[in-house]
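Q: Need coordinates for the following:
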Amino acid sequence: VQLQASGGGLVQAGGSLGLSCAASGRTFSSYVMGWFCQAPGKERDFVSGISWSGEYTYYADSVKGRFTISRDNAKNTVYLQMNNLKPEDTAVYYCAATRTTSWSRAQFHDWGQGTLVTISS
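A: Purely as a prediction, here's the structure:
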């Protein structure tokens with residue numbers, strides 16, 4: 001599946017941003033979707049994931065209570081709503097797809113190009 005992430009930008013700490021990831025193809029609903037982030041000089045880390053139907057979601061501890069993942073299978077799109085943003089959330093955010101039920105980065109086989117999120121203090 002081909003993925004196109006969008007919605008990044010510059011916001012002040014405490015602000016909000018909404019990311020979107022549009023997928024091509026007619027099998028989007030068969031993929032578990034995830035969001036990852038990569039700060040400069042750091043590894044790409046898991047942020048959030050959502051099951052095929054959207055029934056199950058999972059979050060990294062650092063974003064619990066602030067970020068919300070959702071998906072619309074009719075629109076082939078997964079979203080990440082980010083609230084109460086902190087300077088340490090600054091990173092390039094990637095959406096990714098997997099046919100497995102693992103949140104491990106290695107299990108995600110299709111990746112979007114990334115969208116930059118910058119949080120100023």
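Q: separation between the residue nearest the centre of the chain and residue 121?
A: Centrality entry for the chain: nearest residue to the mean C-alpha point is residue 35, 2.4 Å, by Cα atoms, centre = their mean. Separation of residue 35 from residue 121 (Cβ to Cβ, to the nearest Å): 23 Å. C-betas here are computed from N, CA, C, even on glycine.
Q: which residues of the protein fall in helices?
A: For the chain, applying DSSP state H gives no helices.
Q: for it, what are the low-confidence residue spans?
A: Along the chain, segments meeting pLDDT under 70 are nowhere present.
Q: With adjacent residues omitted, what lies nearest to residue 93?
A: Nearest residue to residue 93, sequence neighbours excluded (Cβ to Cβ, 6 or more residues apart in numbering): residue 37, at 5.0 Å.
Q: Now do the strands in this protein.
A: Along the chain, counting by DSSP state E, strands occupy 3-6, 9-12, 17-23, 32-38, 44-50, 57-59, 67-72, 77-82, 91-98, 110-111, 115-120.
Q: Figure out which of those strands is closest to residue 104.
A: Proximity to residue 104 (Cβ to Cβ) singles out strand 44-50 among the strands of the chain, at 7.9 Å.
Q: Surely residue 100 and residue 32 touch.
A: Yes - in terms of Cβ atoms under 8 Å, residue 100 counts as a neighbour of residue 32; the distance is 6.9 Å.
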